[in-house]
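S.K.: sharing a model prediction with you, sequence too.
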Amino acid sequence: MSDQTNQRGNWNTKLGFVLAAAGSAVGLGNIWGFPTQVADNGGASFILIYVACCLIVGLPVMVAEFAIGRNTRRNPVGAFRKLGKGWFPPLIGLWGVLCGIMILSFYMVIAGWTFSFIFEQLFAQLGFMSASEWVTRMDSGPKNAFFAILFILATISIIVGGVSNGIERATKTMMPILIAVLVIMAAYVMTLEGSTKGLRMYLLPDFSLINTRLVFSAMGQAFFSLSIGMGALLTYGSYLRKNQNIVESATYVTLADMGIAFLAGLLVIPAMFVAENAGITIIGDDGRLYSSSTLVFDVLPGLFSSMGGLLAIVLGTAFFLLLSMAALTSTISLLEVPVSYVIDEHRVPRKKAAWLVGGLVMVLAVGVSFRTNMISFLYVIFNNVGLPLGGLMLSIFLAWSWKTRNALDELRHGFKNPEKSLFLRFWPAFVTYLSPALIALVLITTLYNLLGG
Ligand code: PHE
């Protein structure tokens with residue numbers, strides 16, 4: 001958006017908006033989160049439930065966020081306050097602000113790992129072994145904090161300058177190269193011993209593995225990966241012009257996000273078995289991952305090393321560089337939620353707001369840097385519970401307070417033949433009944449199982 005042209009700014013082009021939203025969606029959630037969840041939940045059966053969560057719950061909620069954002073042209077707190085009555089609606093927005101800050105506190109640490117791994121192959125192939133070992137250390141608090149802070153500073157500097165130009169351009173060039181590198185790597189992995197076992201786990205579902213925990217994880221992963229449930233896409237929608245087709249944009253974003261996650265799994269899951277074949281323990285006796293927050297970082301460097309020489313340097317460096325950029329376009333959207341809240345609701349200038357919220361995230365991220373075992377805990381509370389809960393409140397609010405007929409009026413802007421659209425015909429039933437019911441069912445059964453042992 002260009003803040004000069006009008007008070008709130010707009011995305012420059014239609015494609016620019018789709019790219020920015022896709023940039024928010026595609027990030028560590030796809031390449032670090034998705035393969036990890038697949039491995040931890042038994043493989044292909046997780047993917048089936050995940051796809052269902054994305055299409056039945058995720059896409060309708062994403063459309064709802066865009067509609068609320070564009071209609072109100074406000075940050076999440078202001079948006080719910082404008083459309084609703086009383087003290088409760090703004091709390092939905094505040095919940096998003098809290099989730100954004102808490103997700104950032106650990107996301108930045110993982111993004112910091114990604115950033116430091118850029119240099120691993122370069123150092124290793126050039127023979128600087130101790131330097132290469134240092135950048136891959138994930139148990140060193142000061143090192144984790146250093147790279148997390150670098151990442152936060154990068155995010156703040158982009159947020160301060162206004163978001164659109166950088167994101168639009170970066171995403172446009174980055175996404176195709178990221179896909180190419182993933183395809184090359186996945187093809188290479190297939191040639192290595194052990195990979196077919198991984199491929200089987202990834203593609204052949206074992207339905208007996210589907211249980212409450214798997215569905216709970218799949219739902220949380222869908223929300224996290226699609227960037228929904230905390231108002232990030234609502235905020236991006238608030239910079240949207242009326243001539244853009246929201247439904248079409250949301251569909252592109254959802255499909256791109258699912259496609260890239262699928263590709264990442266096609267690389268990481270077979271790679272995991274290749275590593276296991278080489279004697280590295282990845283999955284424990286209980287069928288669960290040994291160390292879930294570091295899986296990708298444990299498995300991939302070995303793969304690059306096995307290529308050797310220049311190829312290892314080029315692909316290893318490119319991979320972590322691209323992943324860092326993908327993470328950056330996501331951290332920008334995460335930070336934009338609390339920052340736009342502080343700007344709009346507390347009348348603080350953008351620069352000051354960015355440093356204020358960024359500073360808070362920095363303090364939290366330094367804490368997580370020294371206690372990385374907190375990552376899984378924070379992930380469960382703020383991703384798996386926090387985001388679906390946000391999506392649940394948002395759908396209920398839209399359906400029962402703002403009303404789907406008003407939302408449909410908003411969605412018809414930019415839509416060529418709205419009366420012919422099947423999506424628009426069914427969408428009200430999805431956001432009113434199906435999505436909230438499914439989210440509530442998943443959260444309540446999980447809670448019940450937890451309390452009942
Ligand atoms: N979707 C982002 C990712 O996959 C993370 C994110 C979550 C961004 C929620 C914004 C809001 O990495």
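M.R.: Arrived safely.
S.K.: how many neighbours does the residue lying closest to Met325 once chain neighbours are set aside have?
M.R.: Closest residue in space to Met325, ignoring its immediate chain neighbours: Met174 at 5.0 Å, by C-beta to C-beta, 6 or more residues apart in numbering. For the C-beta atoms, the positions are set from N, CA and C on the backbone; glycine is no exception. Counted with other C-beta atoms under 10 Å, residues neighbouring Met174 total 20.
S.K.: now the host helix or strand of Met174: buried residues?
M.R.: Met174 belongs to helix 164-190 when assigned by DSSP states H and E. The neighbour-count check on helix 164-190 (16 or more other C-beta atoms under 10 Å) flags 164, 166-168, 170-171, 174-175, 178-179, 181-182, 185-186, 188-189 as buried.
S.K.: mind listing the strands for the stretch 101-250 of the chain?
M.R.: Using DSSP state E, counting those that start in this stretch, no strands are found in the stretch 101-250 of the chain.
S.K.: please report the distance of Phe426 from the ligand.
M.R.: Note on Phe426: its distance to the ligand, by C-beta to the nearest ligand atom, to the nearest Å, is 25 Å.
S.K.: ok so that residue is a strand residue?
M.R.: No: assigned with DSSP: H, G, I helix; E, B strand; the rest coil, Phe426 falls outside any strand and is helix.
S.K.: okay, now it: neighbour count?
M.R.: Phe426 has 12 nearby residues by other C-beta under 10 Å.
S.K.: from Val268, how far off is it?
M.R.: Separation of Phe426 from Val268 (C-beta to C-beta, to the nearest Å) stands at 35 Å.
S.K.: residues from the chain in reach of the ligand?
M.R.: Counting by C-beta under 6 Å from any ligand atom, the chain comes close to the ligand at 24-25, 27-30, 224-225, 227, 230, 232, 330, 333-334.
S.K.: tell me the two of those residues that are most distant?
M.R.: Greatest spatial distance among these (C-beta to C-beta): Asn30 and Met230, at 17.3 Å.
S.K.: compare those two and say which is more crowded by neighbours.
M.R.: Per other C-beta under 10 Å, whichever of Asn30 and Met230 has more neighbours is Met230, with 35 against 28.
S.K.: quick check, the residue in the stretch 351-453 of the chain closest to the ligand?
M.R.: Closest residue of the stretch 351-453 of the chain to the ligand, C-beta to the nearest ligand atom: Leu387 (6.7 Å).
S.K.: so Ala79 sits against Gly69, correct?
M.R.: Yes: applying C-beta atoms under 8 Å as the test, Ala79 and Gly69 come out as touching, 6.5 Å apart.
S.K.: which residues touch whichever helix or strand Leu19 is part of?
M.R.: Assigned by DSSP H and E, Leu19 belongs to helix 14-25. Residues from elsewhere that reach helix 14-25, judged by C-beta atoms under 8 Å, 6 or more residues apart in numbering: 11, 163-164, 167-168, 170-172, 175, 225-227, 232-233, 236, 239-240, 243-244, 249-250, 252-254, 256-257, 326, 329-330, 332-333.
S.K.: returning to that earlier point: gap between the residue nearest to Met325 and Leu323?
M.R.: 10 Å.
S.K.: again with Gln37
M.R.: From Gln37 across to Leu323, the span is 17 Å (C-beta to C-beta).
S.K.: again, but for Val361
M.R.: 20 Å.
S.K.: same check on Gly358?
M.R.: Per C-beta to C-beta, Gly358 is found 21 Å from Leu323.
S.K.: same deal with Met201?
M.R.: Distance of Met201 to Leu323, computed by C-beta to C-beta: 23 Å.
S.K.: these two - which one has more neighbours?
M.R.: Set Met201 next to Leu323 and count neighbours by other C-beta under 10 Å: Leu323 wins out with 28 against 20.
S.K.: how close does the closest residue to the more buried one other than its chain neighbours get to the ligand?
M.R.: The spatially closest residue to Leu323, leaving aside those adjacent along the chain, is Thr114, at 4.9 Å (C-beta to C-beta, 6+ apart). According to C-beta to the nearest ligand atom, Thr114 stands 11 Å off from the ligand.
S.K.: perfect, that will be all.
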